[in-house]
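>>> What follows is a predicted structure for the sequence shown.
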Amino acid sequence: MALAGHPIHAMLVSFPIALVMATAGSDFFFWWTADPFWIRAALWSSGFAFWLGIAAGIAGTVEILLAPGIRRRPASWTHFVAAMMLLAIAGANWGFRLAEPLASPLPWGAALSGLCVVFVAIAGWHGGKLVFEHQIGLILEGRD
Ligand code: HEM
């Protein structure tokens, strides 16, 4: 799935990756400073991490359904399962904060943020393997 030759999934994934890290960073700074600003920052970043992750997941799912040969590779399923785990935990992290927006995220919100970082690392690593090892999503024609 591409826009003028640029893969949409690859364009979208940067946002949830950065926002997952921003949420964990905000929880860390709240623990450090006790400034409630970081509670609100994490509420917004966790929500956008979840919804932009869903958008990236939709683009990725279209690819896994339509790209020829992709479903035969175990690496595709490793990435898919890790990404679904990430989206589930990211959704829980946002929902947890939404229930009581001004409550301290310590310790459970911060624990969910930590788990999100672990799963974004696993999903991102395996997504990168799909592109750089298995050459999925690349246009290889016309190279020197
Ligand atoms: C939930 C369903 C998902 C599916 C089915 C899926 C599928 C894919 C596929 C087919 C690729 C290789 C082709 C391409 O780059 O477009 C890929 C790459 C990648 N995916 Fe996913 N993905 C999903 C979700 C996610 C999520 C939530 C993240 C991270 C937040 C993510 C991170 C990545 C990364 C970093 C790459 C490498 C992109 C690059 O360097 O070009 N994916 N994914």
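Ah, there it is.

>>> so is the residue sitting nearest the centre point of the chain in a helix, a strand, or just coil?
With distances taken as C-alpha atoms, centre = their mean, the residue of the chain nearest its centroid is Pro16 (4.2 Å). Reducing the assignment to helix, strand or coil with DSSP: H, G, I helix; E, B strand; the rest coil, the entry for Pro16 is helix.

>>> swap in the one 10 residues further on?
Using three-state DSSP as the criterion, the local structure at Ser26 reads helix.

>>> Could you check how far the residue nearest to it when sequence neighbours are not counted is from the ligand?
The spatial neighbour of Ser26 that comes closest, neighbours along the chain excluded (C-beta to C-beta, 6 or more residues apart in numbering), is Ala42 at 3.8 Å. Yep, even glycine has a C-beta here, placed from its N, CA and C like the rest. Distance check for Ala42 against the ligand: by C-beta to the nearest ligand atom, to the nearest Å, it reads 17 Å.

>>> Over to Leu66?
Between Leu66 and the ligand the distance is 10 Å, computed by C-beta to the nearest ligand atom.

>>> Look at that residue and say how many residues are nearby.
Summarising burial for Leu66: neighbours were counted as other C-beta atoms under 10 Å, giving 9.

>>> Over to Glu133?
The burial metric for Glu133, expressed as a neighbour count using other C-beta under 10 Å, is 11.

>>> got it, and Ala99?
With neighbours defined by other C-beta under 10 Å, the count for Ala99 comes to 8.

>>> for the residue nearest to Ser26, what are its contacts?
The neighbours of Ala42, taking C-beta atoms under 8 Å, 6 or more residues apart in numbering as the test, are Ala22, Thr23, Ser26, Asp27, Phe30, Arg97, Pro105, Gly109, Ser113.

>>> Neighbour-wise, give me the winner out of these.
Once you tally neighbours by other C-beta under 10 Å, Thr23 ends up highest among the contacts of Ala42, having 32 neighbours.
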